[in-house]
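Chemist: return a 3D structure for these sequence lines:
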Amino acid sequence: MKVIAFNGSPRKRNWNTVSLLKHFLKGAESVGAKTKLIHLYDLNYSGCISCFACKRIDREKDGVCVLKDELSSVLEKVKETDVFAIGSPVYYGTESAATRALLERLCFPYNKYSLDKKSLFHRKIRTALIYTMNVGDDAIKALGYDQHFNITKMSLEKTFGNCEILLATDTLQYSDYDKYEHEMFNKEDKIKRHKTVFPHNCEEAFNLGKKLSEKNIG
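Modeler: Numbers count the residues shown, from 1 in each chain. A predicted model of the protein is given here:
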């Protein structure tokens, strides 16, 4: 059992997104999976450049992005994994730039332009999207976040066969609110929520990693 987590946040140490991903991987490890955490902001790569090499009739292989950069070997690892999770903070209503670039490069080569819309990925695997965001639960629908999350979810389901979503809302932005602008936010409320609610988000991530890995074992 191989499980990969992609951290689409520039923050790598003990912050919202990476903390949830680490708990997701611990859940997978609890049922015997071998895990790997990949920090996307450590890699130098771009999104899709619309070259359409993956759609050429004379292409040598299906499902291959011909761009050669530091994401290329990562895309190859996905072909051998059993479960993967993509974690991202929400910036301006969508995933981080690094996460969007990954999604483009990961999914588009498997997106066959045929009437049956069948994915070129060679098997079905389980995937997850883990989002962290500053907005509260009540703002998700009002801002249309839920529609975007579901579009990304459908893209992963179409490509790989399965996707589940975990949301962590109203998250802590700063380690020290006194050093940064925060007039819109109540510092005490943010800190209290992080101490009382975020641990439950971490537990949810652990259970999700465990569940997705258990379903693939055997």
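Chemist: where is the longest strand in the chain?
Modeler: As assigned by DSSP state E, the longest strand anywhere in the chain is strand 83-91.
Chemist: residues touching the residue nearest the centre of the chain, list them.
Modeler: Closest residue to the average C-alpha location of the chain: residue 86 at 1.6 Å, with C-alpha atoms, centre = their mean. Counting by C-beta atoms under 8 Å, 6 or more residues apart in numbering, residue 86 touches 5, 6, 8, 99, 102, 103, 127, 128, 129, 130, 156. In short, each C-beta sits where N, CA and C put it, glycine included.
Chemist: helices of the chain, start to end?
Modeler: Remark: helices assigned in the chain by DSSP state H are 16-29, 72-78, 97-107, 139-142, 145-160, 187-196, 198-214.
Chemist: where does the chain dip in pLDDT?
Modeler: Scanning the chain for pLDDT under 70 picks out 215-218.
Chemist: residue farthest from the centroid of it?
Modeler: What lies farthest from the middle of the chain is residue 58; by C-alpha atoms, centre = their mean that is 32.0 Å.
Chemist: separation between that residue and residue 116?
Modeler: As for residue 58, its distance to residue 116 is 21 Å (criterion: C-beta to C-beta, to the nearest Å).
Chemist: do residue 76 as well
Modeler: Going from residue 76 to residue 116 by C-beta to C-beta gives 26 Å.
Chemist: ok, now residue 95?
Modeler: Residue 95 is 28 Å from residue 116, by C-beta to C-beta.
Chemist: and residue 45, what is it in contact with?
Modeler: The contact partners of residue 45, by C-beta under 8 Å, 6+ apart, come to 67, 69, 70, 71, 72, 101, 105.
Chemist: and residue 95 and residue 116? Which one has more around it.
Modeler: residue 95 (24 against 6; other C-beta atoms under 10 Å).
Chemist: measure the more buried one to residue 6 for me?
Modeler: Using C-beta to C-beta, residue 95 is found at 11 Å from residue 6.
Chemist: do the same with residue 44
Modeler: Distance from residue 44 to residue 6, counting by C-beta to C-beta: 15 Å.
Chemist: neighbour-wise, which of these two wins?
Modeler: Comparing residue 44 with residue 6 by other C-beta under 10 Å, the one with more neighbours is residue 6, at 24 against 8.
Chemist: how about that one, nearest residue that isn't a chain neighbour?
Modeler: residue 86 (4.7 Å; C-beta to C-beta, 6 or more residues apart in numbering).
Chemist: so how many other residues sit close to residue 137?
Modeler: When neighbours are defined as other C-beta under 10 Å, residue 137 has 10 of them.
Chemist: state the phi and psi torsions of it.
Modeler: Main-chain torsions, residue 137, degrees, to the nearest 10: phi -60, psi -40.
Chemist: mind checking which of the helices of the chain is nearest residue 173?
Modeler: helix 187-196 (7.1 Å; C-beta to C-beta).
Chemist: ok, and what's touching the closest one?
Modeler: Helix 187-196 is contacted by residues 170, 171, 172, 173, 177, 178, 182 when judged by C-beta under 8 Å, 6+ apart.
Chemist: report the angle between that helix and helix 198-214.
Modeler: Orientation note: helix 187-196 sits at an angle of 40 degrees relative to helix 198-214 (axes from the mean of the first three to the mean of the last three C-alpha atoms, to 10 degrees).
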